[in-house]
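**Q** predicted model and sequence below, questions to follow.
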Amino acid sequence: MTALRRLGLSLMAPAIALVVALALSAAVIALIGQNPATAVRVMFDFGDSPAQQTQAIVVVLNRAVPLFLAGLAVSVAFRMGLFNIGVEGQYRIATVLAAGAGAAVVLPGPLHLLFIVVVAMAVGAFWAGIVAVLKVTRGVSEVISSIMLNFIALGLASYLLTGPLRGSPEGASIITTSPIPESGWFPGLNGVLTGLGLAEPRSDLYGFLVVAVVVGIVVAVLIKRTRFGFDLRATGMSASAATASGVDARGMVLKTMLISGAIAGLIGMPDLLGDARSYNTEFTAGLGFLGIAVALLGRNSPLGIAFGALLFAFLDRAAIPLQFADIPASVVTIIQGTIVLAVVIANEIARRVTRQQAERGSAVAPPTTGDGSTGDGQGPGDGPPPDVGPTTGTGTGVGVRNAAGDAGRTDSRQGAGA
Amino acid sequence: MNESAPLAVELRGITKRFPGVVANKDIELRVQRGEVHAIVGENGAGKSTLMKTLYGMHRPDEGQILLDGEPVTFRSPADAIAAGIGMVHQHFMLADNFTVLENVVLGSEPTKGGRLDRSAARRRIQEISDSYALGLDPDTLVEDLGVGDRQRVEIAKVLYRGATTLILDEPTAVLVPQEVDELFGNLAELKREGLTVIFISHKLDEVRKVADSITVIRRGTTVGTADPRTTSAKELAEMMVGAELPVVAKRESTVRDVPVLRMRGVTVTAVAGGRAVVDDVSLTVREGEVVGIAGVEGNGQAELVDAIMGLRPLAAGELRLGDEDVAHWSTRRRREGGIGFVPEDRHRQGMLLDAPLWENRILGHQTRPPAVKGAFIDRRAARADTARIMQEYDVRAPGPDTAAIALSGGNQQKLIVGREMSAQPRLLVAAHPTRGVDVGAQSGIWELLKDARAEGMGILLVSADLDELIGLSDTLHVMLRGALVATLDPREVTPEELGGHMTGAARGDDSAGAA
């Protein structure tokens, strides 16, 4: 019963939040003089023919895969109280270098793919590693450094694309890297779809979906079941308690950022290997920032992130049909924004409620969120609200938490200490 | 002082409960207008909770607050400020890049036509500074000021808001002796102008120097008042820590010859190259021995514990666990090597409050059975072992999946003690193991420590509770200003003597006491 109740509690908050967000969005749509019902109908209209419907599903899934990876990358760092805002830069620089490297080498099929993926992960990890090194050696807040590294990464990626890695002829309207030869293409999954009796869609379902699922499972096991994951979560819940228990805070910052960055390196792979075959000026941008929202939505659990990614992908797909129905596509952005806000608020309320219940001893379930996204787990109950972005940047110190930070912390919610 | 005049501040039967702990119980406080009234008590005795009540930061569950004889209710600090109560916090709340003037007016700025009226503010501040001899220059940047000046800015801030009663929370903790004297000079000025000062401290010599009357708090309740002119530091120390000794059953020594912890000249500095907070400490803990560290809090005990656990680097000295030099070992390696740790602040260092008990069982033992199998957490074994600890150590909770925060302080502490004992350490570092726990849990924990000692565990016991120290220790060291200043035999020493050593009074710097 308790497990069921806990599940119910943890699902109720996002469910209510979703309803509230949709109601708010409907109000906004009504305010701009459109009919919310029409908008909903358009969003759920996947087309008339079976082929169109499967195509719609494929579009949603293909969009969800990179979003899921982005959410995972952010969540790993969140879990230990690190705000990796730099996922955006990490995946952009990783993708351009992986595209360049993939085009430059000749290898047999699977090896070629593996090579590209490893390059991407290594570059992502390296870029995130800079943030970690700055933090543990110089005490630089990872929020600041990762944001600044985003700009450097984007600039660097543009330089690489237009300079050394340029593959398109002079004067082409879209500048691209040289295309990756066919041995480096990731096979699609349309065979599976037709095998299931679905109509053949126009585009390929990314084979990278399988990789993403595997990565998701690995991350889930790593965080929940391993010693390393325990150290990581313990640090996220209480850095001081983790340090006293023997966790090497600096080492953890480094390892966690490397993992986060390596996953971030994968974000561009589904599009690169499944469709684009080269990095270009039109390559999907903004996935790193969306990943933050998706991670918040999924409360840093891989399963939750998968749902969050699917929801966002579903909404993104609706952007074009909405425009056909004369409803501005930015409605989608509004819905996404309100959902994230509502979910974050609902999660925080749920956290406080469960915590209060636990303190009164009436609830036997642990609070549903003890993760990095909802402020410092041990801190004052009236502590900082959860971060949605870089604006507040609280509760971030781990490796280099100074005496002042500790002093703030000792002023505990119990107030019983003198 | 006129006895018939209403008291500036009177607290009647104040009780404040927090989940699992009663922080204040039946507090009685009577502060005359125009006096410096000291509230003394050990850390954790409930002084800060009391002051937060008086400052409106939370409301008492029971009891009454009277100002000038009138009952008042504070919903927030703003109410308290409006009623003339001001608080000078221990940690300064100043903006470094603002001037003194800007800091003082921050939050209640005088305006003229919507803009900050600097000249009015400057006049007021100069006036305050002159009448209380604070010596402030309104236009200096706070970042250019020393600690003593910053404190005066804090005082000016409070006075600027029209406070007639000032609460100073451990004001001398951050000051050097000369600055303390200056502060006391300022307090005398305030008093002369008819203001009331409530002075919170645990430094008895200072309290006796500055206060007109003293209220002593122990374990959340007021145990009495004292007149500083007729009460010695020793007597105060006794009141503070509780002098009634438990009947310690005569027990035979279990001390063996094998040392488990040897420290030679261990020195720890506050910052690299800075002041020594642990000063040249040498001590040995042998198997089956409880070595007690007595001392008024803040004399380097916490830093000593950190140094042993590897949470602070040694500036100098040698640290040996058994025969091995562990000075450069990580905290984890030290724990694996057989050091158990019951931290002083269990919420900060001992528990993950939001995590279930079985995860807390793993904390600190991430690399050892039964919690782990290879690189993986063994959830089933961890849960089973948590259930065992709960039974053996009488941890009252519904089950291993209960969140740690749902437990009372005593049960949390028993879980920590059980967890640390379960790893069968060679050395147990126990810092205030019974702080903030109820009486039942306290005697339970004492029994556990005695049993462990009988089985040959070496225990380093840091405590502020004299009963605990004298009752449990085989050897007793006194720590004062970072150094071990005396080694006493707990079978012979009286709480009075111990208190004297703790305050430094036994070394002759007690002038008025020893009547």
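**A** Great, that's in hand. Everything numeric in this text was worked out from a predicted model, so none of it was measured. Residues are numbered from 1 along each chain as shown, chains lettered A, B, ... in the order given.

**Q** residue B:37 touches residue B:211, doesn't it?
**A** Yes: the pair residue B:37 / residue B:211 is scored as a contact, 6.5 Å apart, by C-beta atoms under 8 Å. Just so you know, the C-beta spots here come from the backbone N, C-alpha and C atoms, and that holds for glycine as well.

**Q** need the residues touching each of those two.
**A** residue B:199 (C-beta atoms under 8 Å, 6 or more residues apart in numbering or on different chains).

**Q** what about residue 127, how many neighbours?
**A** Picking chain A for this. 28 (other C-beta atoms under 10 Å in any protein chain shown).

**Q** not what I meant, chain B
**A** 12.

**Q** where are the low-confidence patches of chain A?
**A** A:1-7, A:9-10, A:358-418 (pLDDT under 70).

**Q** residues near the residue of it found nearest chain B, how many?
**A** Chain B sits closest to residue A:246 of chain A, with a gap of 3.1 Å, by C-beta to the nearest C-beta. Look at residue A:246: counted by other C-beta under 10 Å, it has 24 neighbours.

**Q** mind checking which helix or strand it is in?
**A** Residue A:246 belongs to no helix or strand when assigned by DSSP states H and E.

**Q** which residue does chain B have closest to chain A?
**A** Going by C-beta to the nearest C-beta, chain A is nearest to residue B:332 of chain B, at 3.1 Å.

**Q** the stretch 201-350 of chain A: helices as residue ranges?
**A** For the stretch 201-350 of chain A, the helices defined by DSSP state H, counting those that start in this stretch occupy A:208-225, A:227-237, A:239-244, A:249-266, A:269-271, A:287-297, A:302-317, A:319-324, A:330-360.

**Q** out of the ones you listed, nearest to residue B:110?
**A** helix A:330-360 (38.1 Å; C-beta to C-beta).

**Q** how far does the closest one sit from its chain's centre?
**A** 17 Å (C-alpha atoms, centre = their mean, to the nearest Å).

**Q** repeat for stretch B:466-483
**A** 17 Å.

**Q** quick check: mean pLDDT of that stretch?
**A** What stretch B:466-483 shows for mean pLDDT is 88.

**Q** show the backbone phi and psi for residue B:16.
**A** phi -130, psi 120 (degrees, to the nearest 10).

**Q** re the thing from before, other SSEs contacting the helix or strand where the residue of chain B closest to chain A lies?
**A** Assigned by DSSP H and E, residue B:332 belongs to helix B:331-336. In terms of contacts (3 or more C-beta pairs under 8 Å, 6 or more residues apart in numbering or on different chains; DSSP states H and E), helix B:331-336 is packed against helix B:301-309.

**Q** CA atoms of whichever helix or strand comes after the helix it packs on as CSV?
**A** Counting by DSSP H and E, the element after helix B:301-309 in chain order, helix or strand, is strand B:316-321. Provided in CSV are the C-alpha atoms of strand B:316-321 (Å, rounded to 0.1, in the frame of the first residue of the first chain):
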residue,chain,number,x,y,z
ALA,B,316,51.7,20.2,11.5
GLY,B,317,51.9,17.1,13.5
GLU,B,318,51.5,13.4,13.3
LEU,B,319,48.4,11.3,13.4
ARG,B,320,48.6,7.5,13.7
LEU,B,321,45.9,5.0,13.7
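
**Q** in its sheet, what does strand B:316-321 sit against?
**A** strand B:259-269 (antiparallel), strand B:324-325 (antiparallel) (DSSP bridges).

**Q** show residues contacting the first one.
**A** By that I understand strand B:259-269. Applying C-beta under 8 Å, 6+ apart, the set of residues contacting strand B:259-269 is B:275-287, B:300, B:303-304, B:306-308, B:312-322, B:338, B:426-427, B:458, B:460.
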